[in-house]
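K.L.:
missing the sequence, but the structure's below:
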């Protein structure tokens, strides 16, 4: 009896303990959930989308879902539950939308009297600078309730869709009559609502601005008003039709808003059909070439189809993701784990880069090109010998390997070998593969690049097309070599710069820094997305003009990818290495100064970023009998680079004489033409 009672007490105690544990777990989960919700509300409370019928999701004579539905669905699925508010109002111009969001003021145009009762009073609306404003043409988009002189009420348009219509304001509750002077503010509900939500601004299709600079001024007013509550986060979406001069418009918007600007017409032209999963018709192909929205995505001359709006939502989601707006609350690994993983991969990449051998460029062969002036073009396979070098042969590669050259850089120009759809000519791609295989089959390391392509221009003008083509070309290259192991390295962009400008060979501008960051990211994404060995392939990126100055290296924006090596080109000192002027001595600090600075700049960059540097081009012309000076210079240069674990590739262009004679091994015979330099590099 006593034993049974004791067992019951034990079971009761055990039950109470389990109950307390369960309640504690449930309470903890609720607290954690509440904290997560509080953190989410603080970091990403939502988005509020200002615009016209393109934001509202209008389709003539058909039901549709606005892009905001797709955007909210993607965020909920991939990031966290949040809300996307649609403040799209059909027919409104830019100034009216900006005022509805609170960036400008709606003003009563004439003196009026608000009656004491709830009967309406007729009025007209304008802005402080005299613009006529016309809200509520077809839908409210959060406008009501509104207030005038502290009186809350509702505003209605007398004639729906008529931009010249007057309005009726009706107070919500009776009170005393109010005399309202012309210029008094009318404050819509939308001007003060969702202030903590990140604004997405898509305006301009219906006019409302004098010129593109005026449109920027209007958008700035809304951005300044709204981003005071969003930690500077916003997105400006560019219009895609309805105005002339959209190339200039894109340039102005990129220059002003940089990464916060989305050129919608470019994205829809280049990626819209693929994202929609539609086959291109003839008219769609023409639109692609002229950077216009494909007709298959339009329901009329202005509005998108239902599929088009879905694609728009996907594009905006991807842009917000690129801006990093989801990083703090994304479902997945915590940020510190991601950082540790990135840091670990960079350490591995640094070790790989240090263990590479020095190498040589096979220049002025597959990188040859002619300026297109309407004359006859050579056949694709004739480009290789256009600048006087022979075809790259098996005997030449054998000679390199036997002489101890186990790393080659193969410069290639690609954009002269594209068809109308930007596909690489199969014969050209096959020839490049053949040359790569000559080295790869000998277990040499191969660096394959994009060399003299016109798309390496780092300016706002043509930026979206250049980014598209970088993705398109590198996707094809990566697919061709997807099964090649780490002996094959891709170098994305050779000496990208502001061609033909006063800044071309300087240290870059804010414009070029921004554009280059997008281009480097496009290269990396294109290769990684192909899959196969490309997912872990070592990739080489570079700064402005692949330069080496402290400013260029400090301005470099390093993408979040752990398998990156930084390229530098350094022909220093310039007068000696490229002009062949004078002698050179390791005991003269004036001669060694620039090499010492180069070494210091590279070491500081790697210390700051964790990214290893490789000098993918250096060299000195063979001129005026300077062989001894050249060998002394090369010894000092390599000693300084070896001391910081940096490997170097000599620029060999096959030329043995003339002002740019950098050759150290004969392309025809395999004979070493400068044993002093060659021995420093490879023996």
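P.N.:
Now that the structure is in, tell me what you want to look at. Just so it is clear, the model here is predicted, and its values are computed rather than measured. Numbering: from 1, shown residues only.
K.L.:
in the stretch 51-200 of the chain, which spans are strands?
P.N.:
83-88, 106-108, 112-114, 121-123, 125-126, 146-148, 151-157, 167-171, 178-180, 185-188, 198-202 (DSSP state E, counting those that start in this stretch).
K.L.:
go through the ones you listed and pick out the most buried.
P.N.:
Highest mean neighbour count among the strands of the stretch 51-200 of the chain (mean count of other CB atoms under 10 Å): strand 198-202, with a mean of 25. Heads up, the C-betas are built off the backbone N, CA and C, glycines and all.
K.L.:
give me the distance from that one to the chain's centre.
P.N.:
Between the centre of strand 198-202 and the centre of its chain there are 19 Å (CA atoms, centre = their mean, to the nearest Å).
K.L.:
one step back: got JSON lines for the strands of the stretch 51-200 of the chain, with distance to residue 584 and mean pLDDT too?
P.N.:
Below are these laid out as JSON lines (distance: least, CB to CB, whole Å; pLDDT from 0 to 100):
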{"stretch": "strand 83-88", "distance to residue 584": "64", "mean pLDDT": "97"}
{"stretch": "strand 106-108", "distance to residue 584": "73", "mean pLDDT": "97"}
{"stretch": "strand 112-114", "distance to residue 584": "85", "mean pLDDT": "97"}
{"stretch": "strand 121-123", "distance to residue 584": "82", "mean pLDDT": "97"}
{"stretch": "strand 125-126", "distance to residue 584": "73", "mean pLDDT": "96"}
{"stretch": "strand 146-148", "distance to residue 584": "77", "mean pLDDT": "98"}
{"stretch": "strand 151-157", "distance to residue 584": "80", "mean pLDDT": "97"}
{"stretch": "strand 167-171", "distance to residue 584": "81", "mean pLDDT": "98"}
{"stretch": "strand 178-180", "distance to residue 584": "83", "mean pLDDT": "97"}
{"stretch": "strand 185-188", "distance to residue 584": "73", "mean pLDDT": "98"}
{"stretch": "strand 198-202", "distance to residue 584": "57", "mean pLDDT": "98"}
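K.L.:
same list, those strands, but as CSV with distance to residue 614 please.
P.N.:
Converted to CSV, the strands of the stretch 51-200 of the chain look like this (distance: least, CB to CB, whole Å):
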stretch, distance to residue 614
strand 83-88, 45
strand 106-108, 60
strand 112-114, 73
strand 121-123, 69
strand 125-126, 62
strand 146-148, 63
strand 151-157, 65
strand 167-171, 67
strand 178-180, 71
strand 185-188, 58
strand 198-202, 40
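K.L.:
could you give the mean pLDDT of stretch 283-293?
P.N.:
For stretch 283-293, mean pLDDT rounds to 84.
K.L.:
from the chain's centroid, how far away is that stretch?
P.N.:
With CA atoms, centre = their mean as the basis, stretch 283-293 stands 22 Å off its chain's centre.
K.L.:
so which of the strands of the stretch 51-200 of the chain comes closest to residue 488?
P.N.:
Evaluated over the strands of the stretch 51-200 of the chain, closeness to residue 488 peaks at strand 198-202, with 41.4 Å, by CB to CB.
K.L.:
by contact count, what packs against that closest one?
P.N.:
On a contact count with 3 or more CB pairs under 8 Å, 6 or more residues apart in numbering; DSSP states H and E, strand 198-202 meets strand 46-51, helix 212-227, strand 235-237.
K.L.:
okay, those, which one's buried deepest?
P.N.:
strand 46-51 (a mean of 26).
K.L.:
that strand packs against which elements?
P.N.:
helix 67-78, strand 83-88, helix 94-101, strand 198-202.
K.L.:
now do 10 Å
P.N.:
If contacts are counted by 3 or more CB pairs under 10 Å, 6 or more residues apart in numbering; DSSP states H and E, strand 46-51 sits against helix 67-78, strand 83-88, helix 94-101, strand 198-202, helix 212-227, strand 235-237, helix 306-322.
K.L.:
quick one: that strand to strand 83-88, angle?
P.N.:
Calculated by axes from the mean of the first three to the mean of the last three CA atoms, to 10 degrees, strand 46-51 forms an angle of 10 degrees with strand 83-88.
K.L.:
what strands line up against strand 46-51, and which way round?
P.N.:
Within its sheet, and counting by DSSP bridges, strand 46-51 is paired with strand 83-88 (parallel), strand 198-202 (parallel).
K.L.:
can you add distance to residue 230 and give these back as JSON lines?
P.N.:
Output for the strands paired with strand 46-51, formatted as JSON lines (distance: least, CB to CB, whole Å):
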{"stretch": "strand 83-88", "distance to residue 230": "13"}
{"stretch": "strand 198-202", "distance to residue 230": "5"}
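K.L.:
those: which one's closest to residue 620?
P.N.:
Distance to residue 620, taken as CB to CB, is lowest for strand 198-202 among these, at 53.5 Å.
K.L.:
relative to residue 320, which of the strands paired with strand 46-51 is closest?
P.N.:
Smallest distance to residue 320 across the strands paired with strand 46-51 (CB to CB): 7.9 Å, for strand 198-202.
K.L.:
so the closest one versus helix 306-322, what angle?
P.N.:
130 degrees.
K.L.:
picking that back up, for residue 547, which of the strands paired with strand 46-51 is the nearest?
P.N.:
Of all these, strand 198-202 comes closest under CB to CB, at 36.1 Å.
K.L.:
on that earlier part again, so which of the strands of the stretch 51-200 of the chain comes closest to residue 354?
P.N.:
The nearest among these, by CB to CB, is strand 198-202 at 43.2 Å.
K.L.:
and that closest one with helix 94-101, angle?
P.N.:
Using the same axes, to 10 degrees, the direction of strand 198-202 lies 160 degrees away from that of helix 94-101.
K.L.:
what is the orientation angle of strand 198-202 with helix 67-78?
P.N.:
In terms of direction (the same axes, to 10 degrees), strand 198-202 departs from helix 67-78 by 140 degrees.
K.L.:
how about the strands paired with strand 46-51, which one is nearest residue 174?
P.N.:
Smallest distance to residue 174 across the strands paired with strand 46-51 (CB to CB): 30.5 Å, for strand 83-88.
K.L.:
and the closest one, how far from the chain's centre?
P.N.:
With CA atoms, centre = their mean as the basis, the mean position of strand 83-88 lies at 25 Å from the chain mean.
K.L.:
residue 526 and residue 203: what is the separation?
P.N.:
According to CB to CB, to the nearest Å, residue 526 and residue 203 sit 32 Å apart.
K.L.:
residue 142 now?
P.N.:
Between residue 142 and residue 203 the distance is 15 Å, computed by CB to CB.
K.L.:
close enough to count as contact, residue 323 and residue 230?
P.N.:
No: the criterion here is CB atoms under 10 Å, and residue 323 misses it with residue 230 at 11.9 Å.
K.L.:
in TSV, list the helices and strands packed on strand 198-202 along with distance to residue 673.
P.N.:
TSV is the format used below for the helices and strands packed on strand 198-202 (distance: least, CB to CB, whole Å):
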stretch	distance to residue 673
strand 46-51	64
helix 212-227	57
strand 235-237	57
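K.L.:
dump those to JSON lines, plus distance to residue 423 and mean pLDDT.
P.N.:
Formatted as JSON lines, those follow (distance: least, CB to CB, whole Å; pLDDT from 0 to 100):
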{"stretch": "strand 46-51", "distance to residue 423": "36", "mean pLDDT": "97"}
{"stretch": "helix 212-227", "distance to residue 423": "35", "mean pLDDT": "97"}
{"stretch": "strand 235-237", "distance to residue 423": "30", "mean pLDDT": "98"}
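K.L.:
for the stretch 51-200 of the chain, give me the ranges with low pLDDT.
P.N.:
Counting by pLDDT under 70, the stretch 51-200 of the chain contains low-confidence ranges at 61-63.
K.L.:
need the contact list for residue 582.
P.N.:
By CB atoms under 10 Å, 6 or more residues apart in numbering, the contact set of residue 582 is 573, 575, 576, 591, 624, 626, 629.
K.L.:
buried ones only from the residues you listed, please, as a PyMOL command.
P.N.:
The buried residues among the contacts of residue 582 can be selected in PyMOL (16 or more other CB atoms under 10 Å) with this line:
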select buried, resi 573+576+591+626+629
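K.L.:
is it possible to get TSV of the contacts of residue 582 that adds distance to residue 382, secondary structure and pLDDT?
P.N.:
Shown next, in TSV, are the contacts of residue 582 (distance: CB to CB, whole Å; DSSP: H, G, I helix; E, B strand; the rest coil; pLDDT from 0 to 100):
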residue	distance to residue 382	secondary structure	pLDDT
573	37	coil	97
575	36	helix	95
576	36	helix	96
591	43	helix	97
624	34	coil	83
626	34	coil	90
629	38	helix	95
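K.L.:
I am finished for the moment; much appreciated.
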